[in-house]
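Colleague: sequence first, predicted coordinates after that:
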Amino acid sequence: MTAKFATPTDTAIPIYVVPKGDISAAPESAQAWAANTGFEGALGKTLLVPGADGQTDCALIGSGTAAAQVRSRFALGGASKSLPDGTYQLATDLDDEAANEFALAWLLSSYSFTRYAGSPASHPDLIAPKGVDAPALEAIAEGECFTRDLINTPASDMGPVELANSASELAQRHGATISIFEGDDLIVQNFPMIHTVGRASISPPRLIDMRWGDSGPKLTLVGKGVCFDTGGLNIKPGGSMGLMKKDMGGAATVLGLAHMIMATNMPIQLRVLIPAVENSIDGNAFRPQDILTSRKGLTVEINNTDAEGRLVLADALTYGDEDSPDLVISMATLTGAARVAVGPDLSPFYTDHDADASALAESAAKVADPVWRMPFHDPYESMIEPGIADLDNAPKGGFAGSITAALFLRRFVAARYMHFDIYGWQPSSAPARPKGGVGMGARAVLDALPKMLNL
């Protein structure tokens, strides 16, 4: 999907932002109409104001109260969904952050997933507000829409081969290089846990390795690409399997982030690693109590085949770490514990580096992409040490599931490391975020990277 701003025109309909109870923020010619129609400036409410000729003279969008704004991001730009087709232009001066959020929300509100039914809904156009970096916002919106499309596509059409094809198309678009290890070649190239998790599927497992840029700091993004997760032999109940097409949400998010980085020409060396597998059931599926040897040489006792994401990520993280990157970031729909802890709207992340955490938190607030720091709590390390092997992929007891998964992954990375345990799904429609697949944390990371990498 292409998300673009409109070409400037003298006939654009001006938009005025009106705080709740302050009709004076509207032009004088619109104030009587607003009062007579009961428009009070409630957050996200819109009003078309006719001119003397009966045509639309301007549009009003309510910005509500400060308290209402805190509880609903993207409400201003998301209000575009209730406006008729046409070309609009922001006439109210907003500060830079508010203008960027308004413009990005407008672009994201145009998204719809129509691959299997219907056609893209019409959506009004917006001229880029003054002061915003229009090309950058377009790249961010397109990256987010790319992520949404990947997650929303069912596993019948987004298995390991299709995910690899999508990554290849992205690489070709940006002049990146890509290599893909597939099937039994994963054994030859020493990715044993990726192969083990994916070998029972009719679609062979893969490791996708994309590189872009030849100068600057080295950033490696690693995304969990479990295109469908049955749970393996520890099969999930039907209710828990229903959304498992989104279990490649980490891969989808790092690919969307990669697009943003490449499209904005960030001066870095980017590497994207995606273990793409389907966790299926067959006679050669891996079993509880199996002990696997990872690429790093650490042994892992399998106590639940439904804790497969950390296994495939471990081999990919080890591989990426061998290149001595300046920063490694992994993204994964890894644990239900993270969803229970912070819900579907926050992106939990782990890092041992306080400066990186501060930079990310600052950026998250700036770009309306909320995150929440979780602890690499060292005393829990013993929970992932079963004794019979170096590591346990599913500690018993049910406590601190997201933390123990993050600690497991940290064992495979020596470089500076940040891990996201995201949900990847919008459970109900919200402004600029329709129900379905959604990227989480990517925009915050994009904004924070210049600080984290000293660009």
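Modeller: Cool, the structure landed.

Colleague: skipping adjacent residues, who's closest to M244 in space?
Modeller: With CB to CB, 6 or more residues apart in numbering as the criterion, M244 has its nearest non-adjacent residue at 4.5 Å, and that residue is D229. Glycine gets a C-beta too; all of them are placed from N, C-alpha and C.

Colleague: sorry, wrong one. I was asking about A442.
Modeller: For A442, the nearest residue in space outside its immediate sequence neighbours is L257; the separation is 4.1 Å by CB to CB, 6+ apart.

Colleague: so the one you found makes contact with M440?
Modeller: No - counting by CB atoms under 8 Å, no contact exists between L257 and M440, whose distance comes to 10.5 Å.

Colleague: now the common contact residues for those two.
Modeller: With CB atoms under 8 Å, 6 or more residues apart in numbering applied, the contact sets of L257 and M440 do not overlap.

Colleague: secondary structure element for the residue nearest to A442?
Modeller: helix 249-263 (DSSP states H and E).

Colleague: could you point out which element follows that helix?
Modeller: As assigned by DSSP H and E, the chain's next helix or strand after helix 249-263 is strand 269-279.

Colleague: and that following strand, which strands flank it?
Modeller: Within its sheet, and counting by DSSP bridges, strand 269-279 is paired with strand 206-212 (antiparallel), strand 218-223 (parallel), strand 225-229 (parallel).

Colleague: per the record, what domains does the chain have?
Modeller: The record, using automatic domain parsing to delimit domains, assigns the chain the ranges 13-132, 137-452.

Colleague: for the residue nearest to M244, the count of nearby residues, please.
Modeller: In terms of burial, D229 registers 27 neighbours under the definition other CB atoms under 10 Å.

Colleague: cool, and the one 3 residues further on?
Modeller: A count of nearby residues for G232, using other CB under 10 Å, gives 23.

Colleague: so A105 versus A368, what's the distance?
Modeller: When distances are taken as CB to CB, to the nearest Å, A105 and A368 turn out to be 8 Å apart.

Colleague: list the residues that contact both of the two?
Modeller: Taking CB under 8 Å, 6+ apart as the contact definition, A105 and A368 share the neighbouring residues R73, F74.

Colleague: and the pLDDT at P120?
Modeller: For P120, the model assigns a pLDDT of 81.

Colleague: who touches the helix or strand bottoming out on mean pLDDT in the chain?
Modeller: Per-element confidence for the chain was summarised using mean pLDDT, DSSP states H and E. The lowest value among helices and strands belongs to helix 66-71, with a mean of 91. Applying CB under 8 Å, 6+ apart, the contact partners of helix 66-71 are K20, A42, L43, S63, A75.

Colleague: surely the last one and A42 touch.
Modeller: It refers to A75. No - contact criterion CB under 8 Å: A75 and A42 do not qualify, at 9.8 Å.

Colleague: can you work out which residues contact both of those two?
Modeller: G64, A68.

Colleague: between the two, which is the more surrounded one?
Modeller: Between A75 and A42, counted using other CB under 10 Å, the more crowded position is A75 (24 against 16).

Colleague: which residues are in contact with the more buried one?
Modeller: When the contact criterion is CB under 8 Å, 6+ apart, the partners of A75 are L43, G44, G64, A68, Q69, A105, P431.

Colleague: kindly report the same for A400.
Modeller: For A400, the set of contacting residues under the criterion of CB under 8 Å, 6+ apart consists of A337, H377, Y380, M383.

Colleague: how about a cut-off of 7 Å?
Modeller: Y380 (CB atoms under 7 Å, 6 or more residues apart in numbering).

Colleague: can you check the pLDDT for the residue nearest to A442?
Modeller: Each residue has a pLDDT score; the one for L257 is 98.

Colleague: correct me if wrong: it contacts L446.
Modeller: Yes - taking contact to mean CB atoms under 7 Å, the distance of 6.3 Å between L257 and L446 places them in contact.

Colleague: ok, those two, which is more surrounded?
Modeller: Neighbours were counted for L257 and for L446 using other CB under 10 Å; L257 has more, 29 against 22.

Colleague: what residues are up against T335?
Modeller: Residues in contact with T335 (CB under 7 Å, 6+ apart) are G401, S402, A405, D421.

Colleague: so it versus Q55, what's the distance?
Modeller: Noted for T335: a distance of 54 Å to Q55, by CB to CB.

Colleague: beta-bridge partners for the residue nearest to I261 when sequence neighbours are not counted, please?
Modeller: Spatial nearest neighbour of I261, chain neighbours left out: L270 (5.6 Å); criterion: CB to CB, 6+ apart. Note on L270: beta-bridge partners W212, L219, judged by DSSP bridges.

Colleague: I'd like to know how many residues surround L270.
Modeller: Here the count is done by other CB under 10 Å, and L270 has 22 residues near it.

Colleague: identify the residues contacting it.
Modeller: Contacts of L270 were listed using CB under 7 Å, 6+ apart, and they are W212, G213, L219, A258, I261, M262.

Colleague: try 6 Å
Modeller: Under the criterion of CB atoms under 6 Å, 6 or more residues apart in numbering, the contact partners of L270 comprise W212, G213, L219, I261.

Colleague: cool, and S166?
Modeller: By CB under 6 Å, 6+ apart, S166 has no neighbours at all.

Colleague: give me the buried positions along the helix or strand hosting it.
Modeller: Taking DSSP H and E as the definition, S166 sits inside helix 160-174. Within helix 160-174, the residues that count as buried by 16 or more other CB atoms under 10 Å are P160, E162, L163, A164, S166, A167, L170, A171, H174.

Colleague: also stretch 283-298?
Modeller: If you call a residue buried by 16+ other CB under 10 Å, then stretch 283-298 has these buried ones: A285, F286, D290, L292, S294, R295, K296, L298.

Colleague: can you check stretch 390-399 too?
Modeller: Buried residues in stretch 390-399, counting neighbours by 16+ other CB under 10 Å, are found at D390, L391, D392, N393, A394, P395.

Colleague: quick check on the fifth one: phi, psi?
Modeller: Same thing as A394. Reported as degrees, to the nearest 10, the phi and psi values for A394 are phi -150, psi 80.

Colleague: try the second one
Modeller: Taking degrees, to the nearest 10, you get phi -140, psi 160 for the backbone angles of L391.

Colleague: who's in contact with it?
Modeller: Under the criterion of CB under 6 Å, 6+ apart, the neighbours of L391 are L298, V300, I384.

Colleague: before we move on, what about the third one?
Modeller: Shown here is D392, whose contacts under the criterion CB under 6 Å, 6+ apart are E301, N303, I384, P386.

Colleague: and it, how far is that from Y417?
Modeller: When distance is defined by CB to CB, D392 is 20 Å away from Y417.

Colleague: picking up where we left off before, residue contacts, the residue nearest to M244?
Modeller: Residues counted as contacts of D229 (CB under 6 Å, 6+ apart) are M244, D247, N279.

Colleague: any idea of the mean pLDDT for stretch 443-455?
Modeller: Stretch 443-455 carries an average pLDDT of 98.

Colleague: then stretch 288-306?
Modeller: Along stretch 288-306, the predicted local confidence has a mean pLDDT of 98.

Colleague: relative to the helix or strand L126 falls within, what are the paired strands and their orientations?
Modeller: Assigned by DSSP H and E, L126 belongs to strand 125-126. Applying DSSP bridges, strand 125-126 is found paired with strand 87-90 (parallel).
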